[in-house]
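Colleague: the following comprises the amino acid sequence and a computationally predicted model.
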Amino acid sequence: MKVAIYGVWHVHAKDYTNAALSCADVIGFYEENDELAKEFSEMFDIPRFATAEELLASDADGVIVCSSTKDHTRDIIRIANAKKNIFTEKILALTLGECEEIERDIAENGVEFTISMPL
């Protein structure tokens, strides 16, 4: 299974990446913030996608979302529309309406969705 990491802002990005590396082929990551991307690249030998569109056009089967919660709605909808399976951490989104948008796009695109709720 091929996996990509979308954003590395979240505190659990490192843990999710290590977990993915143990069971999947992590083909790359995208992070819009150059400083965060640099720090992540120093921890992991994973190629960086230059743009979100490059990640979305890749042959990744699934995407682990570790971007800022404020960006989840935009990011998860983009990923669903690219027909990629999605793993994300809590909090899903900032409003009920955004959660409903995400739910609708996931259903319309027929992708698998998992949200981590470890605590």
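Modeller: Nice, I can see it.

Colleague: and the residue nearest the centre of the chain, what does it touch?
Modeller: When C-alpha atoms, centre = their mean is applied to the chain, the residue found nearest the centroid is residue 65 (2.1 Å). Counting by C-beta atoms under 8 Å, 6 or more residues apart in numbering, residue 65 makes contact with 6-7, 72, 75-76, 79, 86-89. Glycine gets a C-beta too; all of them are placed from N, C-alpha and C.

Colleague: one more time with 10 Å
Modeller: Residue 65 is in contact with 5-7, 10, 13, 16, 71-72, 75-76, 78-79, 86-89, 92, 115-116, counting by C-beta atoms under 10 Å, 6 or more residues apart in numbering.

Colleague: helix or strand for residue 100, which one?
Modeller: helix 96-109 (DSSP states H and E).

Colleague: by contact count, what packs against that helix?
Modeller: On a contact count with 3 or more C-beta pairs under 10 Å, 6 or more residues apart in numbering; DSSP states H and E, helix 96-109 meets helix 72-81, strand 85-89, strand 113-116.

Colleague: for those, give me CSV that also has distance to residue 21.
Modeller: What follows is the helices and strands packed on helix 96-109, written out as CSV (distance: least, C-beta to C-beta, whole Å):
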stretch, distance to residue 21
helix 72-81, 20
strand 85-89, 14
strand 113-116, 17
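
Colleague: which one of these lies closest to residue 46?
Modeller: With C-beta to C-beta as the criterion, residue 46 lies closest to strand 85-89 of the helices and strands packed on helix 96-109, at 16.1 Å.

Colleague: so what are the sheet partners of that closest one and their directions?
Modeller: strand 62-65 (parallel), strand 113-116 (parallel) (DSSP bridges).

Colleague: name the nearest residue to the residue nearest to the centre of the chain, sequence neighbours excluded.
Modeller: Of all residues not flanking residue 65 in the chain, residue 88 sits nearest, at 3.9 Å (C-beta to C-beta, 6 or more residues apart in numbering).
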